[in-house]
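A.B. asks: here's a sequence, model it:
(one chain, ligands or ions: 1)
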Amino acid sequence: MNTEILLSISGLHKAFGGLIAVNQMQFDVHAGEIVGLLGPNGSGKTTVMNLISGALSPDEGKVVIGGKNITSLPAHKISHSGIARTFQLVRVLPDLDCVENIEAGLAYRTNPLWGDAAHKAALELLDRIGLAKQAHIPAGDLTYIDQKRLELGRALALQPKLLLLDEWLAGLNPSELQDGIALVRKLKDEGLTIIMVEHVMDAIRSLCDRCVVMNAGTKIADGTPDEVLSDPEVVRAYLGD
Ligand code: ADP
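C.D. replies: So this is what the prediction gives:
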């Protein structure tokens, strides 16, 4: 495995009023790795993703990518530092077709693309994510999995080093799930580093190099999928004991 640390979070703390959502969280992500962020509902996973992507600022702690401290930077600056994300509820522009949706993403890059260059890059990206045939279909008319592909494409348009997937594989039928897993694996093979919040065990076992497990805002395990899923503390947390 590549030993270069791409992302490092340390001492991360976030409270909402009296509720501590994230408590002294700390983990590293190596370049090229897929890390699963697991834990029961309400354990703080989405808050961690929001703290990394700049949707929220931590009360304490640090987020560092590629040696650069990005803690509390506004979301657009964090995206220019190489982090892109998808959302639990798919966010595409329903009235625009797939090419236009990707072009809108390309305009937000550090080195924005416009006009013919954007059009060409959008078609290439749609091909890469398996949407070449749907290029001119309005996003709102796509199937659910294709909307998910498109949202992923919009994130990839930003040319991230680190991709944050928030339950990207949730709600797919078994054959769509296999296609979704294959696409994430392809992105990893292309060199992308990924953090995924995920509940789908097949996806976790087949994709994640490592899993960080949270419970009540705190990290309770960090290891391979097999290690963490057989850890008694993790099993207890999931069973709500
Ligand atoms: P998970 O993604 O693991 O389900 P979250 O990070 O969404 O967990 O939530 C962690 C805790 O923080 C939960 O108790 C949730 O209710 C609370 N929480 C999350 N966001 C907010 C917010 N904006 N305001 C108040 N409480 C919040």
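A.B. asks: how near is Met49 to Asp141?
C.D. replies: Distance check for Met49 against Asp141: by Cβ to Cβ, to the nearest Å, it reads 29 Å. From N, CA and C alone the C-beta is placed, and that goes for glycine too.
A.B. asks: so the two - more neighbours on which side?
C.D. replies: Met49 (22 against 12; other Cβ atoms under 10 Å).
A.B. asks: now do the spatially closest residue to that one that is not a sequence neighbour against the ligand, distance only.
C.D. replies: If the residues on either side of it in the chain are set aside, Met49 comes closest to Leu164, at 5.3 Å by Cβ to Cβ, 6 or more residues apart in numbering. Plainly put, Leu164 is 12 Å away from the ligand if you go by Cβ to the nearest ligand atom, to the nearest Å.
A.B. asks: can you map out the strands along the chain?
C.D. replies: Ranges of strands in the chain, per DSSP state E, are 5-16, 19-30, 34-38, 60-65, 68-69, 83-85, 162-166, 193-197, 210-215, 218-223.
A.B. asks: hmm, back to that, what does the pLDDT read for the residue nearest to Met49?
C.D. replies: pLDDT recorded at Leu164 is 97.
A.B. asks: swap in Ala75?
C.D. replies: For Ala75, pLDDT reads 88.
A.B. asks: what's the spacing between it and Lys68?
C.D. replies: For Ala75, the distance to Lys68 - Cβ to Cβ - is 15 Å.
A.B. asks: and for His119?
C.D. replies: For His119 relative to Lys68 (Cβ to Cβ), the value is 32 Å.
A.B. asks: so which of the two has more stuff around it?
C.D. replies: Taking neighbours as other Cβ under 10 Å, His119 and Lys68 compare with His119 leading, 16 against 10.
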